[in-house]
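Peer 1: Take a look and give me a structure for this.
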Amino acid sequence: MKSLLAALAVTLAVSTAAVAQPAMPPPVVEAGPPPAMPGPNGWVLEPGHWHWNGFRYVWVHRHWIHGGPGYAHFIPGHWAPTGAGPRWVPAHWVP
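Peer 2: Next up is the predicted model:
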């Protein structure tokens, strides 16, 4: 009985959270140089993007990301589809 109630509570919480999330606002245009591929110094500029903080969308301003030694491939930030809707995958470096 307890496991049934727990499952019901989780289902209700998940369905409520999915319905409560509003549509993402349009992107914010930020002045300055455009994002670029990695330079010889290992820095790239990640563009600004919206982030869902659990209550509302907040704008994350663009910022510089450093790969450090041994990191050769840059993956730009992007929205990845999931069963519960799109999820933001931040820009990152991989060896």
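
Peer 1: Could you list the buried residues of stretch 45-54?
Peer 2: Buried residues in stretch 45-54, counting neighbours by 16 or more other CB atoms under 10 Å, are found at Leu45, Glu46, Pro47, Gly48, His49, Trp50. Backbone N, C-alpha and C define where each C-beta goes, glycine included.

Peer 1: Could you list the low-pLDDT ranges of this protein?
Peer 2: Along the chain, the parts satisfying pLDDT under 70 run over 1-21, 32-41, 68-72.

Peer 1: can you give me the helices in it?
Peer 2: Using DSSP state H, the helices of the chain run over residues 2-20.

Peer 1: Now distance to His92 too, for the buried residues of stretch 45-54, in CSV please.
Peer 2: As requested, the buried residues of stretch 45-54 are exported to CSV (distance: CB to CB, whole Å):
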residue, distance to His92
Leu45, 14
Glu46, 9
Pro47, 14
Gly48, 16
His49, 13
Trp50, 18
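
Peer 1: Now flag whichever of the residues you listed is closest to Pro26.
Peer 2: Comparing the buried residues of stretch 45-54 against Pro26 with CB to CB picks out Trp50 as the nearest, at 9.0 Å.

Peer 1: so what's the closest one up against?
Peer 2: Met24, Pro25, Pro27, Tyr57, Val58, Trp59, Val60, Trp88 (CB atoms under 8 Å, 6 or more residues apart in numbering).

Peer 1: rerun at 7 Å
Peer 2: Met24, Pro25, Tyr57, Trp59 (CB atoms under 7 Å, 6 or more residues apart in numbering).
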